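> Mind folding the following:
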Amino acid sequence: MEPVSRRTAAVVVGIGALGAAGGIAAVTGALRPLSPGRRTTGSASAGRPGGPLREPTVLRSEGGILEVRLEAARGSHPLAGRSATTLAYNGAIPGPTLRLRAGDLLRVELVNSFDETTNLHVHGLHVSPGGNADNVFVAVEPGSSFSYEYQLPKDHPSGTYWYHPHHHGMVADQLFAGLYGAIVVEEPEPLPVARERLLVVSDITLDAAGGVAAVSMRDRMTGREGELLLVDGQVTPTLRARPGEREHWRVVNTCSSRFLSLRMSGMPLVILRRDSGRLATPTEAPEVFLAPGNRVDLVVTAGQDGGVLRALPVDRGSMSGAMMGNRPASGSTEPVDLLVLEVAGPPVDDLPALPRPPAPRDLSADDVARERVLTLAMGMGMGMGGGPGRGMSLTIDGREFDHERVDQHVELGTVEAWRIVNTSSMDHPFHLHVWPMQVLRQGGRAVETPTWLDVVNVPAFGEVDVRIAFEDFGGRTVYHCHVLDHEDLGMMGVIEAR
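Numbers count the residues shown, from 1 in each chain. Modelled structure (predicted):
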């Protein structure tokens, strides 16, 4: 199979997320050939492949409330068919899946039982950023705990979300070592499918002793990619279905830096939702592109012969300049088999058609209170406070992250138009907490179908235009590159809505 190029990825998103007309390049960015890099495999040499898919433990709300105790600890955990010494929530990788409904109250007691400061971010949820809610400025010290409380609005979008640490400077290390889990906000009415599956995609590199391998400064600068690519902590697990069975797959890209382009052999992928944005019409896609932090809800109908879900290589640019020698950022040059769907038994009867959701909200005709331009950049300079990465800087609007500085003040109850510009030679997936973004234009081309994301990929030397409705919640939170090493090294800013 040939590696995916940026041209292929653009077609994937154009068909799958934005409609065949008008939006082909709206999330993936510039078209360029794949850069070479080291090989990443899902082979037996990297971990024990096969075995039935084992999904994470599920914790469900009852009576409108879900109360959870999450203990973050270092220990020996089963991972990729072996015992590994990693971090984990409640002793498992991924952590438990939290299932909620719109309007529910989620209470989480986060217990820090390892030797680093940590905290918790509920990625994509439209909840308050202040106090003991989705407050990324909270620091939970070793040996202590913190009680979070998140009130979901009654009209909160259904969809697939996730949680992970967000203590600045340690996010990539802690997530890469095993701290992540999924959140599902359920549909008001169940979809007509045979079953639902949660597929949490992650990567990690283990050393010979089974510990998390050390990460070089070059990998931090480019964004680390692990040697093992996992689904629910397993290497190439197996799913089983009968011919004609329709399944709902919730796919989460929890990788620190890895971009995914997913292709299914033997049967099409049909996109229902990207991040929290339900498509107006379920749309068939030959491939599906996910930047780090993105999610996608898919419908897969089992064919007669089964199939394999593969992650194709994605070129995300290169580090330029004498210091890095124009080395590629992409760490994978060959497809990786993520899972195998085996099909056997008698065919099933056809199911009813998937229901059409309400039309997506469209801000394109709304009054705009303010226009802003944010510039993502990488360059030579002191960088990172003179720390281990001095010599390179990762900035937004020429400044590295400072938690005491507010970079953007916005007025609650208004709509703003943001242009996010990337002046570097690498892609940067831009994530805004609390408020989702409607993508309007990329590279000067309009996106005709309203497309809602909370992680928007900004291609190397490219730009994206979005609109944001700052509503429901005020307070301070952050926006940043979701290549989490880049966030930790300074590519993050503070926003306050009031």
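> for the strand ranked longest in the chain, packing partners?
Across the chain, the longest stretch assigned as strand under DSSP state E is strand 65-79. With contacts defined as 3 or more CB pairs under 8 Å, 6 or more residues apart in numbering; DSSP states H and E, the packing partners of strand 65-79 are strand 58-60, strand 82-89, strand 97-100, strand 105-112. C-beta: built from backbone N, CA, C; applies to glycine.
> what's the residue closest to the geometric middle of this structure?
G293 (1.2 Å; CA atoms, centre = their mean).
> Do I have it right that it meets V455?
Yes: look at G293 against V455 with CB atoms under 8 Å: they come within range, at 4.1 Å.
> Can you list phi and psi of the residue nearest to the centre of the chain for me?
Dihedral angles of G293 (phi, psi; degrees, to the nearest 10) stand at phi 100, psi -20.
> Ok, the one 5 residues further on next?
Backbone torsions of L298, given as degrees, to the nearest 10, read phi -120, psi 150.
> Quick check: beta-bridge partners of it?
W249, I271 (DSSP bridges).
> and if you look at V373?
Under the criterion used (DSSP bridges), V373 bridges to R419.
> Looks like it contacts V421 (just checking).
Yes: using CB under 8 Å, V373 is in contact with V421, at 6.2 Å.
> Compare these two and say which is more crowded by neighbours.
V421 (15 against 12; other CB atoms under 10 Å).
> Hmm, that one is touching F461, no?
No: V421 is beyond contact range of F461, at 9.2 Å (criterion: CB under 8 Å).
> winner for burial among the helices and strands packed on strand 65-79?
strand 97-100 (a mean of 22; mean count of other CB atoms under 10 Å).
> picking up where we left off before, who touches both of G293 and V455?
By CB atoms under 8 Å, 6 or more residues apart in numbering, G293 and V455 have these common neighbours: P429, H431, H482.
> In contact with the second one, which residues?
With contact set as CB under 8 Å, 6+ apart, H431 has these partners: H123, G293, D454, V455, V456, Y479, H480, C481, H482.
> Which pLDDT value goes with it?
Here, the pLDDT recorded for H431 equals 98.
> so it is in which element?
When elements are assigned from DSSP states H and E, H431 belongs to strand 428-432.
> excluding its backbone neighbours, what's nearest the residue lying farthest from the centre of the chain?
Distance from the C-alpha centroid of the chain, by CA atoms, centre = their mean, peaks at P346 (36.8 Å). Spatial nearest neighbour of P346, chain neighbours left out: R242 (6.6 Å); criterion: CB to CB, 6 or more residues apart in numbering.
> That neighbour and Q304 touch, don't they?
No: counting by CB under 8 Å, R242 stays clear of Q304, with 10.3 Å between them.
> list residues touching both of the two?
Common neighbours of R242 and Q304 (CB under 8 Å, 6+ apart) are V343.
> Helices along this protein, start to end?
Counting by DSSP state H, the chain has helices at residues 6-16, 171-176, 217-222, 484-488.
> tell me what the shortest one is packed against?
Contacting helix 484-488 under the criterion 3+ CB pairs under 8 Å, 6+ apart are the following elements: helix 171-176, helix 217-222, strand 475-481.
> For T222, see how far away the residue lying closest to R441 once chain neighbours are set aside is.
Once flanking residues are discounted, R441 sits nearest to D465: 3.9 Å by CB to CB, 6+ apart. Going from D465 to T222 by CB to CB, to the nearest Å gives 27 Å.
> can I see the domain layout of the chain?
Domain assignment for the chain by automatic domain parsing gives 6-46+192-343, 58-185, 370-497.
> Just put the ones you listed in JSON lines and tack on distance to L363.
Shown next, in JSON lines, are the domains of the chain (distance: least, CB to CB, whole Å):
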{"stretch": "domain 6-46+192-343", "distance to L363": "12"}
{"stretch": "domain 58-185", "distance to L363": "15"}
{"stretch": "domain 370-497", "distance to L363": "4"}
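> of all those, which lies closest to S364?
S364 sits nearest to domain 370-497 of all these, at 6.2 Å, using CB to CB.
> mind checking the end-to-end distance for the closest one?
13 Å (CA to CA, to the nearest Å).
> For W418, see how far away E247 is.
37 Å.
> Neighbour count: the two, which is higher?
W418 (22 against 18).
> ranges for the strands of the stretch 201-350 of the chain?
228-231, 238-241, 246-253, 260-264, 269-274, 277-285, 288-290, 295-301, 307-312, 336-343 (DSSP state E, counting those that start in this stretch).
> buried sites along stretch 411-425?
Using 16 or more other CB atoms under 10 Å as the test for burial, stretch 411-425 gives T414, V415, E416, A417, W418, I420, N422, S424, S425.
> who touches E471 in this structure?
Per CB under 8 Å, 6+ apart, neighbours of E471: L412, G413, W435.
> okay, those residues in JSON lines with distance to V235 and pLDDT next?
Output for the contacts of E471, formatted as JSON lines (distance: CB to CB, whole Å; pLDDT from 0 to 100):
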{"residue": "L412", "distance to V235": "46", "pLDDT": "97"}
{"residue": "G413", "distance to V235": "48", "pLDDT": "96"}
{"residue": "W435", "distance to V235": "37", "pLDDT": "98"}
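> Going by distance to P190, which of the residues you listed wins?
W435 (28.6 Å).
> H482 versus the closest one, what's the distance?
Counting by CB to CB, the gap from W435 to H482 is 15 Å.
> which of these two has more neighbours?
More crowded of W435 and H482, by other CB under 10 Å: H482, with 27 against 20.
> pretty sure that one contacts V456?
No: in this structure H482 lies outside contact range of V456 using CB under 8 Å: 9.5 Å.
> Pull up the overlap in contacts between those two.
A291, P429, F430, H431.
> and the third one, how many neighbours?
Looking back up the chat, that one is F430. F430 has 26 nearby residues by other CB under 10 Å.
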